[in-house]
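> Sequence and predicted structure are below.
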Amino acid sequence: LQTQCPWNPTIPPLQPAGSCVLPIDDGTPMQVLNTSRELPWTHPPSCVIPNSAASAEKFCVYSSSAFNDGSGIAIIADPETAAGVAGTVQDPLPAWRSRQHLARNGRLATETVDLPYAVTPIPGKGLGVVATKRIKRFETILKSYPAMIADSEFLSLRKKKAVVDGPRLFQKALDQLPDKERFLTMSRSEEEHVHAVEDVIKTNAFAIIVDGRNMKGVYPEIARLNHACDANSSAYSKFTKKDLAMSAVATRDIEPGEEITVSYIPLGMPTAHRTRALKNWGFNCTCNLCSASPEARAASDERRERLREVYQTIQHESTSYNTLVKLTQELVDLAQVEGLLAKVGEYYQAFMRIYYRAGDAQTARKYGRTSLKLAEIFADPEGVLCTGLKGDLEQLDRLIQGGGGGG
Ligand SMILES: C[S@@+](CC[C@H](N)C(=O)[O-])C[C@H]1O[C@@H](n2cnc3c(N)ncnc32)[C@H](O)[C@@H]1O
């Protein structure tokens, strides 16, 4: 394990190293664990080493009982990733600021919070989330903090039976959560021979990137949202790395009584791809689109196929400018019919690049600005998408001010 913080000339030499937390594992002396104030972990780490040449990593459980107003978190990760995220776990403020959801399970002292949704049974889908008030497009409906985060590589090694000690680690992670109820009452596939924790992760976790690693995050409040593939999918799940939170953001106006759903898989897939992708989640989708008539499904598949085709065509250097303009509009119209608003931002980003390449910096900037506006709503404002877009827009501004704006 790393025993020294990297030299960082930006930190004045007489001040504490600040953001550098050294990695710890089950070999770290208790005295170090007890005296390191910057460590948020409330239990000594328990670790396993996969019994395979496939991975040289050690994976440990890191728990913090104080996280999220005492609901706690357990993280299954390698020591370096856990160290990288320790500062975020230690900060109590973000969760405290968005703790309204605690009112639902009686954990807030006052019942003054008026949430815009309720969790209620949905025929054929177990529980689900239904709007109790009008929710406006782009509003954050709810914000949830993870009860558990597990490294994706660890989970796939488990699947390949390359981690014999997996169940022990899962059990430790569960036992160290102060609010086990919040975790265990989540939906499960009830597959035999699968540890309850592994089952909850499989049925509820969202893919996130933490400290550069692919992870799965279990967000108990977000996990009550059922999945929909169609235009009725009314919310989009947004991960913010600075506080590890997952939010559901409304993609359109939602009326009281409407079920609020998200897409568990990338938007815009045709039926065959969706069915395959949803298999990993362990259920057969009965959303409006998946249970629509074969004709309606075929029509939607055709539109989604056409979207892919148009998207590819406009990226060809040989596409003429006039065709490009026509196809850009077709793409946006198709995405709107299919209810893929959150995807439109992604398209706008591509349009920015394409129009820039075609020498039309003004139009490129127009699409870049719209893309950034949508990205700041639906993506992490501090993530690579938003920061990349900001950089591109600055470059376009300079180009246009310098008189090289084209079209
Ligand atoms: C993340 S949970 C969603 C909340 C869950 N319904 C509950 O009761 O807590 C995922 C599970 O909900 C059900 N589900 C979600 N979306 C569905 C859909 N579109 N069609 C059928 N079942 C769905 C499946 O049982 C799935 O395994």
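Sure, I can see it. Residues are numbered from 1 along each chain as shown.
> Look through this protein and state the residue closest to the ligand.
In the chain, the residue that lies nearest the ligand is Gly126 (2.9 Å; CB to the nearest ligand atom). For the C-beta atoms, the positions are set from N, CA and C on the backbone; glycine is no exception.
> Leaving out the residues flanking it, which one is nearest to that residue?
Once flanking residues are discounted, Gly126 sits nearest to Ser187: 5.4 Å by CB to CB, 6 or more residues apart in numbering.
> hang on, the earlier thing: which residues does the residue of the chain closest to the ligand form a beta bridge with?
Ile122 (DSSP bridges).
> okay, now the residue nearest to Gly126: neighbour count?
17 (other CB atoms under 10 Å).
> Now do it, the pLDDT please.
pLDDT, Ser187: 94.
> quick one: contacts for it?
Counting by CB atoms under 8 Å, 6 or more residues apart in numbering, Ser187 makes contact with 126-127, 203-204, 223.
> Please spell out which residues along stretch 170-178 are buried.
170, 172-174, 176-178 (16 or more other CB atoms under 10 Å).
> how about those residues in a markdown table, adding pLDDT?
Output for those, formatted as a markdown table (pLDDT from 0 to 100):
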| residue | pLDDT |
| --- | --- |
| Phe170 | 97 |
| Lys172 | 97 |
| Ala173 | 98 |
| Leu174 | 98 |
| Gln176 | 97 |
| Leu177 | 97 |
| Pro178 | 94 |
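> Those residues in helices, which ones?
170, 172-174 (DSSP state H).
> buried sites along stretch 370-380?
Applying 16+ other CB under 10 Å to stretch 370-380 flags 370-372, 374-380 as buried.
> now stretch 310-319, how far from the centre of its chain.
30 Å (CA atoms, centre = their mean, to the nearest Å).
> Check stretch 393-407 too.
So, by CA atoms, centre = their mean, the centroid of stretch 393-407 is 34 Å from its chain's centroid.
> Same check on stretch 117-136?
Per CA atoms, centre = their mean, the centroid offset for stretch 117-136 relative to its chain is 21 Å.
> Would you mark the buried spots in that stretch?
117, 122, 125, 127-131, 135.
> pLDDT on stretch 37-46, on average?
Across stretch 37-46, the per-residue pLDDT values average to 91.
> now what about that stretch, what contacts it?
By CB under 8 Å, 6+ apart, stretch 37-46 touches 21, 24-26, 28, 30, 33, 60-67, 79, 82, 86-87, 89-90, 168-169, 172, 176.
> Bridging across strands, which residues link to the residue nearest the centre of the chain?
With distances taken as CA atoms, centre = their mean, Phe239 lies nearest the centre of the chain, 4.0 Å away. Assessed by DSSP bridges, Phe239 has beta-bridge partners Met246.
> dump the residue contacts of it.
Contacts of Phe239 (CB under 8 Å, 6+ apart): 206, 208-209, 217, 245-246, 380.
> Could I get the pLDDT score of Leu327?
95.
> three-state assignment of it?
On the three-state scheme (DSSP: H, G, I helix; E, B strand; the rest coil), Leu327 is labelled helix.
> I figured it hits Thr313, correct?
Yes. Leu327 lies in contact with Thr313 (CB atoms under 8 Å); the separation is 6.1 Å.
> Determine the residues that are contacts of both of the two.
With CB under 8 Å, 6+ apart as the test, Leu327 and Thr313 both reach Thr319.
> re earlier: could the ones in helices among the buried residues of stretch 170-178 go into a markdown table alongside distance to the ligand?
A markdown table is the format used below for those (distance: CB to the nearest ligand atom, whole Å):
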| residue | distance to the ligand |
| --- | --- |
| Phe170 | 18 |
| Lys172 | 24 |
| Ala173 | 19 |
| Leu174 | 18 |
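> ok, back up a step: now the buried residues of stretch 117-136 as a markdown table including pLDDT and distance to Pro50?
Converted to a markdown table, the buried residues of stretch 117-136 look like this (pLDDT from 0 to 100; distance: CB to CB, whole Å):
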| residue | pLDDT | distance to Pro50 |
| --- | --- | --- |
| Tyr117 | 93 | 40 |
| Ile122 | 96 | 39 |
| Lys125 | 94 | 35 |
| Leu127 | 96 | 35 |
| Gly128 | 96 | 37 |
| Val129 | 96 | 37 |
| Val130 | 96 | 42 |
| Ala131 | 96 | 44 |
| Ile135 | 96 | 44 |
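> quick one on the thing from earlier: now distance to Asp360 and secondary structure too, for the buried residues of stretch 370-380, in TSV please.
Shown next, in TSV, are these (distance: CB to CB, whole Å; DSSP: H, G, I helix; E, B strand; the rest coil):
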residue	distance to Asp360	secondary structure
Thr370	15	helix
Ser371	15	helix
Leu372	18	helix
Leu374	21	helix
Ala375	21	helix
Glu376	24	helix
Ile377	26	helix
Phe378	26	helix
Ala379	25	coil
Asp380	29	coil
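> Show the overlap between these and what lies near the ligand.
Checked against the ligand using CB under 6 Å from any ligand atom, the buried residues of stretch 370-380 give no members in range.
> in the stretch 251-400 of the chain, which spans are helices?
Along the stretch 251-400 of the chain, counting by DSSP state H, counting those that start in this stretch, helices occupy 271-279, 294-315, 321-337, 341-357, 361-378, 384-401.
> report the angle between the axes of the second one and helix 341-357?
Our comparison of helix 294-315 with helix 341-357, counting by axes from the mean of the first three to the mean of the last three CA atoms, to 10 degrees, yields an angle of 20 degrees.
> Next: the fifth one.
Between helix 361-378 and helix 341-357, the angle comes out at 150 degrees (the same axes, to 10 degrees).
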